[in-house]
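Q: Sequence and predicted structure below; questions after.
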Amino acid sequence: MEADLATAVLGRCSRWNRGVGAEEIEVLHGRHFNICRSVRTSHQSPAAVLKSGALNIDIDCAKCGGVEMTKLWATVAGLIAMWTGAPSVGPSKVVTGTAYDFAFSGIDGKPLQLADWRGKVLLVVNTASFCGYTKQYAGLQELWTRYEKAGLVVIGVPSNDFGGQEPKSEGEIKSFCQGAFGVTFPLTSKQVVIGLEAHPFYKWAADAIGPKGLPNWNFHKYLIGRDGRLLRSLSTRLAPASEEVTSWIEKALAEHASQGAALQN
């Protein structure tokens, strides 16, 4: 949590990338960020700090324009939403179509049709290489290894939407994932996963899940049932091997496509 706050918020300034350490609280063009200190000195969990209002950000920076400030506040809002929101959310309504209606470009540029996995359970995860949660790649690979034969397909969707933590090219992302974590599950090309420019799959999922289940940070997970319907939104905070995640996967794997809709309740 501290690493994400420091890199995503303080990292918005170029001087931060020249060696200003995370211990520095009063830094960068007159900005005052009391973030990591709130976590360290309060003896509370990061979630409790955020809920209690102990996260103080006093911004006074003449060198930052409106676009930069918008990105900064979007980053902070995403982190707060992640830590204060529900970790697991079901669909808010039934929507037209299924996940099988959508396709991505693969990390290697080849078409990646979700319909190719019709009848399987999909776990679609937006990922990033420079995030405090990047280690979840290892957990996702373990899920893929553990449940692939039972019918699970893990799909990584690299995205630079949250904290600018996926700046790499597709080739670099692929090499990093394979080299650092031994990733063998499918990866898409870099995608936008939130807002008006989001990939159509993510717009469809957002419509089905409602505001409480939207991605608000890297390594958010959408679980798709064997019938192609959205079953669950699973927060970044939930590790791939957590009971909440594995129990939903196992429920989905146990169901036939015709029964998948029953899991939405």
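A: Looks like it came in fine.

Q: Tell me where the stretch 1-150 of the chain has helices.
A: For the stretch 1-150 of the chain, the helices defined by DSSP state H, counting those that start in this stretch occupy 2-9, 36-42, 46-52, 66-84, 136-147.

Q: shaky segments in the stretch 101-250 of the chain?
A: Along the stretch 101-250 of the chain, the model assigns pLDDT under 70 to no residue.

Q: Which stretches in it count as strands?
A: Assigned by DSSP state E, counting those that start in this stretch, the stretch 101-250 of the chain shows strands spanning 103-105, 111-113, 121-127, 152-158, 221-224, 230-234.

Q: Same list, these, but as CSV with distance to residue 240 and mean neighbour count please.
A: No exception for glycine: its C-beta is placed from N, CA and C like everyone else's. Putting these into CSV (distance: least, C-beta to C-beta, whole Å; neighbours: other C-beta atoms under 10 Å) gives the following:
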stretch, distance to residue 240, mean neighbour count
strand 103-105, 20, 17
strand 111-113, 21, 14
strand 121-127, 8, 26
strand 152-158, 8, 24
strand 221-224, 8, 25
strand 230-234, 9, 25
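
Q: In TSV: those, plus distance to residue 189.
A: Formatted as TSV, the strands of the stretch 101-250 of the chain follow (distance: least, C-beta to C-beta, whole Å):
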stretch	distance to residue 189
strand 103-105	4
strand 111-113	9
strand 121-127	12
strand 152-158	7
strand 221-224	18
strand 230-234	22
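
Q: Those strands: which one's closest to residue 78?
A: strand 121-127 (11.7 Å; C-beta to C-beta).

Q: Just checking: what are the partner strands of the closest one?
A: Strand pairing for strand 121-127, using DSSP bridges, gives strand 152-158 (parallel), strand 221-224 (antiparallel).

Q: For the helices of the stretch 1-150 of the chain, which has the smallest mean pLDDT value?
A: Looking over these, mean pLDDT reaches its minimum on helix 36-42, with a mean of 44.
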